[in-house]
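Colleague: 3D model of this:
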Amino acid sequence: MRRLALTYLIILLLLLTFSSACSGQKADLGKEFALHIGQTTDISGENLQVTFTSVVEDSRCPTGVSCIWAGQVSCAVQIIYRNATRTIVLTQPGLNDLPDRAKFEDYIIEFRVEPYPQAEKQIADFDYTLLMKFSNK
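Modeller: Alright, predicted model coming up:
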């Protein structure tokens, strides 16, 4: 019985350690960081936390395909700033390798979404990466 209790305690400690390591991601202001869907990052020295919640749409024209419209990709991001939670949608046009920009409160957000779609290949939700950088205005 004692051995079983000790085993459960060790498992619990390992789970707590793993979950705190996953949620403790930090990024510096002015430095690019990467998020996958469901991941959260705190911006060091700022009262700011960012979570990549979902890809709202991805209509970008895949490489290897001729399209009339370049399309776009939109990602929902939850931001906790000064203890208030807001959700914003960041949209990047297709056929563009450069980061796009958005304004949020006292910050400029530079962002881009990877990977870029390819003909006849589906992108799974867990494969999306949102690359972001927060800078002061």
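
Colleague: give the contact list for Thr41.
Modeller: Applying Cβ atoms under 8 Å, 6 or more residues apart in numbering to Thr41 gives the contacts Gln25, Lys26, Ala27, Phe33, Leu35, Gln49, Val50, Thr51. Any C-beta I mention is one placed from the backbone N, CA and C, and that applies to glycine too.

Colleague: ditto for Val50
Modeller: Leu35, Thr40, Thr41, Ile43, Val77, Gln78, Ile79, Met132, Phe134.

Colleague: On the strand side of things, show who it bridges to.
Modeller: Thr41, Ile79 (DSSP bridges).

Colleague: Next, work out how far apart it and Glu32 are.
Modeller: Using Cβ to Cβ, to the nearest Å, one gets 13 Å for the distance from Val50 to Glu32.

Colleague: tell me, what's touching those two both at once?
Modeller: Joint contacts of Val50 and Glu32 (Cβ under 8 Å, 6+ apart) are Met132.

Colleague: need the contacts of Thr41 in TSV with pLDDT, can you?
Modeller: Formatted as TSV, the contacts of Thr41 follow (pLDDT from 0 to 100):
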residue	pLDDT
Gln25	91
Lys26	95
Ala27	95
Phe33	97
Leu35	98
Gln49	97
Val50	97
Thr51	98
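
Colleague: Sounds good, over and out.
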